[in-house]
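Q: Predicted structure and sequence below. I'll ask about it afterward.
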Amino acid sequence: MHGTIESAAKLDALRERAMSLPLEQFDPGDPELFRTDTFWPYFDRLRREDPVHYCKDSMFGPYWSVTRYNDIMEIETNHAVFSSASALGGITIRDIDPDLRRESFISMDPPRHAAQRKTVAPMFTPTHLDNLAINIRKRSAECLDNLPRGEVFDWVDRVSIELTTQMLAVLFDFPWEDRRKLTRWSDVATTIPGPDGLVATEDERMAELAECAAYFSRLWKERIEQPPKSDLLSMMAHGTATRDMDAKNFLGNLILLIVGGNDTTRNTMSGSLLALSQHPEQYRKLRENPDLLDSFVPEVIRWQTPLAHMRRTALSDFEFRGKQIKKGDKVVMWYVSGNRDEDVIDRPYEFIIDRARPRTHLSFGFGIHRCVGLRLAELQLKIIWEEILKRFDHIDVVGEPTRVYSSFVKGIETLPVKIAA
């Protein structure tokens, strides 16, 4: 009880700081706010008082923050002014060194974007998803049946990472025994290098991603020489828009698909159990009526918002909501804030698994860059929870989660849980 009072007092103090700090000193992209899960009051205040906010000094340089739901949609669909191009810095608040920039279809503008995206889209058609569902259910069942009873274990490692990594290996037809390499490469691609980080320096990151590129290049050569198959690598190897990609574009698309398939589903899988443990009445509602999974899944994707933002770069001077955005400025669309916008979402700070309109959220982006694998992400979450509800009356979260030091990937690193013996 003492710890609860202490943490509540700490939260109150942090909230007070967000309320009293002058707006010009706001740096909502500070990764430490996300590691400590204390960013919420900053975005609440920005939506109210300064929804298009300029931060002139941060570890990522100056940037604009767009925090309201409808404003984010407007920026997201204005490709004439707001570019995703990797040559201008790409899609994250953190600028990538110009020598290290890798094009992928998410960091391309129309019309080139559509041709490359179309190459992998067949993976996510209803027929293909029906086939994948059989595989997902089998692997989910195996994973859950092997979980320990009556002892504490890490849900992230044993379930969230394991199942999403298995799925990635299936999507790429990747060597099964090496599948955890995919998790490692995804984490390395998005981490912020530092003494306590996954990698200490940018050079270390590049060395590991070079290993990723070399490994996939070997697989690529094999796929080119084989007849077309239904895995992502074969689709790209034989696709007219992707078969002649240069090395950087090849690695860029690989990293995009690995991160997209890994981080988002994995963190929502962890976030779903955490959300239910924090809202026992919703957990009870779900156990009593498993049909609510259809609305629970999009609600938990909104609630977790596995990628906190996407970034664009202004191609020209532009006035937006009375603010003068200059050519070359970095503009960050905070999905995590839009998903708590009271003007669009009813009671956004409540986790409600039977919401009337649960798909009103920005977690998958909006417009042409909307997540290509969103139906697969929803399918994986639905199946894992169908299988959980069949097996376990309750899974108890028995300690605080640790969170990722990142204002891009809104992730959970560890989540200690226990299933009754």
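A: It's in. Residues are numbered from 1 along each chain as shown.
Q: The longest helix anywhere in the chain: what's the following helix or strand?
A: Ranked by residue count and defined by DSSP state H, the top helix of the chain is helix 247-278. Counting by DSSP states H and E, the next helix or strand C-terminal to helix 247-278 is helix 280-288.
Q: For that following helix, name the packing helices and strands.
A: helix 247-278, helix 374-391 (3 or more Cβ pairs under 8 Å, 6 or more residues apart in numbering; DSSP states H and E). For the C-beta atoms, the positions are set from N, CA and C on the backbone; glycine is no exception.
Q: Residue 355 and residue 299: what is the separation?
A: Using Cβ to Cβ, to the nearest Å, residue 355 is found at 5 Å from residue 299.
Q: With neighbour numbers in mind, choose between those two.
A: residue 299 (22 against 19; other Cβ atoms under 10 Å).
Q: who's in contact with that one?
A: Residue 299 makes contact with 351, 352, 353, 355, 358, according to Cβ atoms under 8 Å, 6 or more residues apart in numbering.
Q: helix, strand or coil for the fourth one?
A: When classified by DSSP: H, G, I helix; E, B strand; the rest coil, residue 355 comes out as coil.
Q: my read: it touches residue 296, true?
A: No. Using Cβ atoms under 8 Å, residue 355 is not in contact with residue 296, being 9.2 Å away.
Q: what sits in contact with each of those two?
A: Common neighbours of residue 355 and residue 296 (Cβ under 8 Å, 6+ apart) do not exist.
Q: sorry, back to before: pick the most buried one from the helices and strands packed on helix 280-288.
A: helix 247-278 (a mean of 23; mean count of other Cβ atoms under 10 Å).
Q: I'd like the distance from that one to the chain centre, please.
A: For helix 247-278, the separation from the chain centroid amounts to 5 Å (computed by Cα atoms, centre = their mean, to the nearest Å).
Q: Can you tell me how far residue 320 is from residue 79?
A: Taken as Cβ to Cβ, the span from residue 320 to residue 79 is 15 Å.
Q: What number of residues are in the vicinity of residue 11?
A: 15.
Q: Nearest residue to it in space, please, no chain neighbours.
A: residue 38 (7.2 Å; Cβ to Cβ, 6 or more residues apart in numbering).
Q: Neighbours of the one you found, how many?
A: By other Cβ under 10 Å, neighbour count at residue 38 equals 18.
Q: how near is it to residue 63?
A: 20 Å.
Q: hang on, the earlier thing: in what helix or strand does the residue nearest to residue 11 lie?
A: Applying DSSP H and E, one finds residue 38 in no helix or strand.
Q: Next, please give the residue ranges for the strands of the chain.
A: 52-55, 63-66, 82-83, 152-154, 309-314, 318-320, 323-325, 330-334, 396-397, 402-403, 412-414, 416-418 (DSSP state E).
Q: Out of the ones you listed, which gets nearest to residue 276?
A: Nearest to residue 276, of all the strands of the chain, is strand 396-397, at 8.6 Å by Cβ to Cβ.
Q: For the closest one, the averaged confidence score.
A: For strand 396-397, mean pLDDT rounds to 98.
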